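Chemist: any chance you can model this:
(chains A and B)
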Amino acid sequence: GQQVMQIPQYQHVQEGEDFTTYCNSSTTLSNIQWYKQRPGGHPVFLIQLVKSGEVKKQKRLTFQFGEAKKNSSLHITATQTTDVGTYFCAGTGNQFYFGTGTSLTVIP
Amino acid sequence: EAQVTQNPRYLITVTGKKLTVTCSQNMNHEYMSWYRQDPGLGLRQIYYSMNVEVTDKGDVPEGYKVSRKEKRNFPLILESPSPNQTSLYFCASSRRGGPSSGNTIYFGEGSWLTVV
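Modeler: Here you go, the predicted model:
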């Protein structure tokens, strides 16, 4: 069954507001990856985290891996319409699983 | 250009009529897999292959078959499609060891399948 849960399932924000999606695992993860899927598109790799407590940034996107390596988050500062899409986390516990995804809508 | 190519992109078929979705990658990747995407359920793995002639079941393999006779190709076969197999399907590839070894997954464009 699904071992990686992601919340929220949907998020609507005004352009310029911040956005965060959370990923939680029932087991310790050796790595966690994040993907973005634009509407009508396919998932595209964003980043991978492997170390406990790791934080990585890509422009307005900040990715964190929890100290216990069981959770992760993606935070977008000052959202833009180009951020629209579904964000998936994916982690390796006893197997590799994708989270259920968070669909982000940005209202201009 | 490095890519994963799957066909057809869109298909409407009838219950019970066998169909094959082809997948080919040009990155010389050992690992290939198939996912289906359904609303609220995310991406669920159907089958994966660590290398030629090696295939394993994923989370939702029922009703599907795969084969890996060549490194570049990984077709998905629906022997007798049913309406609950209506979904968006993605083929994907990765370097040796796959994502569990920390490798990036490269996805195809997706195939919309409707079974009526």
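
Chemist: how many neighbours does residue A:30 have?
Modeler: Neighbourhood size, residue A:30 [other CB atoms under 10 Å in any protein chain shown]: 15. Where C-beta positions appear, they are placed from N, C-alpha and C, glycine not excepted.

Chemist: show me the contacts for it.
Modeler: A:50, A:69, A:92-93, B:100, B:102 (CB atoms under 8 Å, 6 or more residues apart in numbering or on different chains).

Chemist: and these, which two are the farthest apart?
Modeler: A:69 and B:100 (14.6 Å; CB to CB).

Chemist: got the contacts of residue A:30 as CSV, with distance to residue B:108 and secondary structure columns?
Modeler: Compiled in CSV, those are given as follows (distance: CB to CB, whole Å; DSSP: H, G, I helix; E, B strand; the rest coil):
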residue, distance to residue B:108, secondary structure
A:50, 26, coil
A:69, 30, coil
A:92, 22, strand
A:93, 26, coil
B:100, 20, helix
B:102, 21, coil
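
Chemist: and which of these is nearest to residue B:15?
Modeler: Closest to residue B:15, out of all of these and judged by CB to CB, is residue B:100, at 35.4 Å.

Chemist: so what's the closest one up against?
Modeler: With CB under 8 Å, 6+ apart, residue B:100 has these contacts: A:30, A:92, A:95-96.

Chemist: so which of those are in helices?
Modeler: Members of the contacts of residue B:100 lying in helices (criterion: DSSP state H): none.

Chemist: what about residue A:66, how many residues nearby?
Modeler: There are 20 residues near residue A:66, going by other CB under 10 Å.

Chemist: show the contacting residues for the residue sitting nearest the centre point of chain B.
Modeler: Using CA atoms, centre = their mean, the residue of chain B that lies closest to the mean C-alpha position is residue B:34, 2.5 Å off. Residues counted as contacts of residue B:34 (CB under 8 Å, 6+ apart) are B:23, B:45-48, B:58, B:64, B:66, B:74, B:76, B:89-92.

Chemist: if we use 10 Å, what do you get?
Modeler: B:6, B:21, B:23, B:44-49, B:58, B:60-61, B:64, B:66, B:74-76, B:89-92, B:108, B:111 (CB atoms under 10 Å, 6 or more residues apart in numbering or on different chains).

Chemist: then stretch A:79-92 to PDB, C-alphas only?
Modeler: Taking Å, rounded to 0.1, in the frame of the first residue of the first chain, the C-alpha atoms of stretch A:79-92 are listed here in PDB:
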ATOM      1  CA  THR A  79       4.000  32.100  -6.200                       C
ATOM      2  CA  GLN A  80       3.800  32.900  -9.900                       C
ATOM      3  CA  THR A  81       1.400  31.600 -12.500                       C
ATOM      4  CA  THR A  82       4.200  29.500 -13.900                       C
ATOM      5  CA  ASP A  83       4.200  27.500 -10.700                       C
ATOM      6  CA  VAL A  84       0.800  25.900 -11.500                       C
ATOM      7  CA  GLY A  85       0.900  22.100 -11.600                       C
ATOM      8  CA  THR A  86       1.000  19.100  -9.400                       C
ATOM      9  CA  TYR A  87       4.000  18.500  -7.200                       C
ATOM     10  CA  PHE A  88       4.900  14.900  -6.200                       C
ATOM     11  CA  CYS A  89       7.300  13.700  -3.700                       C
ATOM     12  CA  ALA A  90       8.800  10.200  -4.100                       C
ATOM     13  CA  GLY A  91      10.800   8.300  -1.600                       C
ATOM     14  CA  THR A  92      12.700   5.100  -1.000                       C
END
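
Chemist: lovely, talk soon.
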